[in-house]
Structure formats: structure tokens, C-alpha cells
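In: Sharing a model prediction with you, sequence too.
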Amino acid sequence: CGECNRVFNSQNQLNMHMQVHRPRNVACPLCGVQKFRSGANAVQHVESGYCTACTGADFARQQIYEYARRQQGMQRFMNGTPMLTNGGYNDSVPDFPYQCPECTKSFRQLSQLLQHQDQKHGRHTRRIGY
């Protein structure tokens, strides 16, 4: 590592380690707390249920999904169309609602997609919604 001189066995391990050197200047998209090193970390905060803007992890997944659906810049990460039930739209979150636009891999949680984008495609996300 060029910052702290630690040695790693692989480039992937070094890439993962480099996250500790990023500034904590990313804000949560729901509560606004600015203490995260990446967009993925901020979304993990919501998905875990620790965000004060949500009431528990189950509701948090729905909140993140609704937030992402409303953001114009996130449309390219949404996997297909909303699920249909009995001729109307279902309010639940699809099993794999997010998709990488570069390799079409699907994800259950937005934080997983953001981590994938950062690690596999070098797209560090500072702000959710672009």
C-alpha cells in the first residue's frame, strides 16, 4: 500500500484495503448523516436497519428500493420492470431488483451492486442517485 506500506498477496486484497484510506465524506441518502467512505457503506447503513430514518431492516430494504426507483440516475441499475400481481403492481421488493449495467449481474441489495461496481469495474460511488 502506498499510504501505509502494508503488503498484500493480491491486487484484490490491496483494493479492498485501500477503502480504509478514503475520507468519510459520503452521506446517508435517507437520514443525511455524513460518515461513510462510499455509497455502498451508506446504503449498508440503511439496509442494516441502523438508519434513524427507517424502522428496522425489513422496512429499510423497501425504503432503499423506493428511493432508488425515484432517482433518475439510478434507473440504469434497476432490474427490469416492477412485479405484477392480479393485474396491479405489487408493493414488495423483487428478489433481485438491481442489475449491473456493465455485466448484467443481478443483486438482492443495492449495497452489493455498489460494492461490485467499485471492486469489479472501478466505479467508486460517493453519492447515491448520481
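Out: All right, it came through fine.

In: can you tell me which helix in this protein is longest?
Out: Ranked by number of residues, the top helix in the chain under DSSP state H is helix 57-70.

In: What residues of that one count as buried?
Out: 60-61, 63-65, 67-68 (16 or more other CB atoms under 10 Å). Bear in mind the C-beta positions are built from the backbone N, C-alpha and C, glycine included.

In: quick one: contacts for the residue nearest the centre of the chain?
Out: Closest to where the C-alpha atoms of the chain average out (CA atoms, centre = their mean) is residue 111, at 2.6 Å. Residues near residue 111 by CB atoms under 8 Å, 6 or more residues apart in numbering: 40-41, 43-44, 47.

In: Can you point out the buried residues in whichever strand or helix holds it?
Out: Here residue 111, judged by DSSP states H and E, is contained in helix 110-121. Buried residues in helix 110-121, counted by 16+ other CB under 10 Å: 110-118.

In: How far off centre is it?
Out: 7 Å (CA atoms, centre = their mean, to the nearest Å).

In: now stretch 38-58
Out: For stretch 38-58 - counting by CA atoms, centre = their mean - the centre lies 10 Å from the chain centre.

In: who's in contact with that stretch?
Out: 19, 22, 26-31, 33, 36, 59-61, 63-64, 109-111, 114-115, 118, 124-128.

In: First-to-last residue distance for it?
Out: End-to-end span of stretch 38-58 (CA to CA, to the nearest Å): 22 Å.

In: Residue 61 contacts residue 109, doesn't it?
Out: Yes. Under the criterion of CB atoms under 8 Å, residue 61 makes contact with residue 109 at 7.2 Å.
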